[in-house]
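J.: Build me a model:
(one chain, ligands or ions: 1)
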Amino acid sequence: MSAYLYQVLERLVAFDTVSSNSDAPAMEFLAERLAAHGFKVHLHRINIAGIPQLNLIAWAGPPRPDGLTISGHLDTVPFAGQPGWNRDPLKLGVDGERVWGRGTTDMKGFLAECVAAAAALELRALKRPLVFIFTSNEEVGCLGAESVCGALGSILGEFPAPRLVWIGEPTSWQVQHAHKSIVLFEVTVRGVGGHSGAPAQGVNAIAVAGRALEAIGHLQAERSRPSGKFMRIFPDAPYDVLNVGTIAGGIAANIIAEQCRFGITYRSLPDAEPLEIYREIQRRLAALDPYDYASRNHRAAIEVGPPMVVPPLLAPRDTELERALLEATGTHAVGGALFGTDGGWFARAGMVPLICGPGDLEQAHKPNENIRRAALESGTDKILKIIERLLFH
Ligand SMILES: [Zn+2]
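T.: Have a look, this model is predicted:
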């Protein structure tokens, strides 16, 4: 079984499924594997920014309620231009305690375990349904999950979509039931360009952007008060967090900058409306007098771009899946994740997701990404154990 696990993972790593590429060849490979192991499969075609992408839905067992969905994403973050690589990101490397390659931790390792578990599974023993949902474009805003949630009913037809969802994102086999929402957007400041020797004729967009950032900084400070309710779930940051991650503006030091753009991501506590802070930023920037220190003659225009939203997750505790995962992983605590997942969309669709997977978060998105062999190899059995406990009776 372990040989097959490595074979599948080697194939998966070799497909370049960076989010901006089509995942179709890799998803077709997974569909072909699961079909060979007796699953009904459906490739859900979507188009993201002009690129054809696939989600995969595979199911087996009797069409009853109370089944289980096991889910993961197939896309990876980019590696080209990322400093620090001294291996081929698309070639599976196995040495000593570790298995190397882009996606081994996040999260092709888990997908390979799912396929290996499907191969070993006695489908006739399923008394309740098992569904695999493998998604596209998770790393760029959970876009595959968003569209698959809307289509799931018509894809599965009479087959009831399971309420419980297990997402194998890298948590070092810790069980996590919550994450914050994520909102991402750009702010553009448009000024009036000109010669820096004649400031009265222009408006420097960078100067106004600085004042906009100051206003956003005040909001950030106000929101940094810890919430007692989330102290235990997010001990590292039990409050809303905000990051201005990019900024670009101007073309030369002696030209009045005509434009300045900056990119913001924030994460709100899961019980808050995700767009509340976005609206507050819109309000505060609209109230700001967008003048340039160098000249009061003109005003800049501040435009807050459309937000991309990943919904939060705050799944109810003590489900059958939670008990089974705690037992299979030998852990006791259930906490919150620092990252967003497809689970936000699944939760919005009425499902109850939990996050628990073999990789270690510190390996995700890193150069020379790798996964511990022991964590990888034990995953297939964990998946089989969970299926047996939840679906064999
Ligand atoms: Zn991931």
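
J.: Remind me which helix or strand the closest residue to the ion within the stretch 151-300 of the chain belongs to.
T.: The nearest approach of the stretch 151-300 of the chain to the ion comes at E169, 4.8 Å away (CB to the ion). Just so you know, the C-beta spots here come from the backbone N, C-alpha and C atoms, and that holds for glycine as well. Per DSSP states H and E: E169 is located in neither a helix nor a strand.

J.: pretty sure it is in contact with G357, am I right?
T.: Yes: using CB atoms under 8 Å, E169 is in contact with G357, at 5.1 Å.

J.: Can you check which residues contact both of the two?
T.: Here E169 and G357 have G72, M107, F110 as joint contacts, going by CB atoms under 8 Å, 6 or more residues apart in numbering.

J.: what about the last one, neighbour count?
T.: It refers to F110. 30 (other CB atoms under 10 Å).

J.: The helix or strand it falls within: what's the following helix or strand?
T.: Using DSSP H and E, the element containing F110 is helix 109-120. Reading on from helix 109-120 to the C-terminus, the next helix or strand found by DSSP H and E is strand 130-135.

J.: Partner strands of that next one, with direction?
T.: Strand pairing for strand 130-135, using DSSP bridges, gives strand 51-60 (antiparallel), strand 68-73 (parallel).

J.: what angle separates the first one from helix 109-120?
T.: Between the direction of strand 51-60 and that of helix 109-120, the angle (axes from the mean of the first three to the mean of the last three CA atoms, to 10 degrees) works out to 40 degrees.

J.: Identify each buried residue in strand 51-60, please.
T.: Q53, L54, N55, L56, I57, A58, W59, A60 (16 or more other CB atoms under 10 Å).

J.: Could you check the pLDDT of the second one?
T.: Just to be clear, that refers to L54. Looking at L54, its pLDDT reads 98.

J.: List the contacts of it.
T.: Per CB under 8 Å, 6+ apart, neighbours of L54: D23, A24, M27, E28, L43, H44, R45, I46, S136.

J.: switch to 10 Å and redo it
T.: Neighbour list for L54: 22-28, 30-31, 42-46, 74, 134-136, 144 [criterion: CB atoms under 10 Å, 6 or more residues apart in numbering].

J.: and it, how far is that from the ion?
T.: If you measure L54 against the ion using CB to the ion, to the nearest Å, the figure is 17 Å.

J.: before we move on, what about the third one?
T.: When distance is defined by CB to the ion, N55 is 15 Å away from the ion.

J.: can you map out the helices along the stretch 101-250 of the chain?
T.: 109-120, 143-156, 205-222 (DSSP state H, counting those that start in this stretch).

J.: Minimum distance to the ion, which residue of the stretch 101-250 of the chain gives it?
T.: For the stretch 101-250 of the chain, CB to the ion, closest residue to the ion: D106, 4.1 Å.

J.: what's the neighbour count on the nearest residue to that residue once chain neighbours are set aside?
T.: Leaving aside its chain neighbours, D106 sits nearest to A364 (3.9 Å; criterion: CB to CB, 6 or more residues apart in numbering). A364: 20 surrounding residues under other CB under 10 Å.

J.: which residues touch A364?
T.: With CB under 10 Å, 6+ apart, A364 has these contacts: T76, V77, G103, T104, T105, D106, M107, E139, E169, P170, F339, I371.

J.: Any chance of TSV for those residues, columns pLDDT?
T.: Output for these, formatted as TSV (pLDDT from 0 to 100):
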residue	pLDDT
T76	97
V77	96
G103	98
T104	98
T105	98
D106	97
M107	97
E139	94
E169	98
P170	97
F339	92
I371	98
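
J.: what's near enough to touch the closest residue to T105 other than its chain neighbours?
T.: Take T105 and drop its neighbours on the chain: the residue closest to it by CB to CB, 6+ apart is G359, 3.1 Å away. Shown in contact with G359 (CB under 10 Å, 6+ apart): 103-110, 168-173, 369-372, 375-376, 379.

J.: my hunch is that S378 is in a helix, does that hold up?
T.: Yes: under DSSP: H, G, I helix; E, B strand; the rest coil, S378 falls within a helix.

J.: ok, now how distant is it from L354?
T.: Going from S378 to L354 by CB to CB, to the nearest Å gives 18 Å.

J.: which of those two has more neighbours?
T.: Between S378 and L354, L354 has the larger neighbour count (other CB under 10 Å), namely 24 against 16.

J.: ok, is the host helix or strand of the more buried one in contact with the ion or not?
T.: Element membership for L354, per DSSP H and E: strand 352-355. No: applying CB under 5 Å from the ion, one finds strand 352-355 separated from the ion by no less than 9.6 Å.

J.: list the contacts for the residue of the stretch 151-300 of the chain closest to the ion?
T.: Contacts of E169 (CB under 10 Å, 6+ apart): 71-73, 105-107, 110, 138, 176, 179, 337, 339-343, 355-359, 361, 364.
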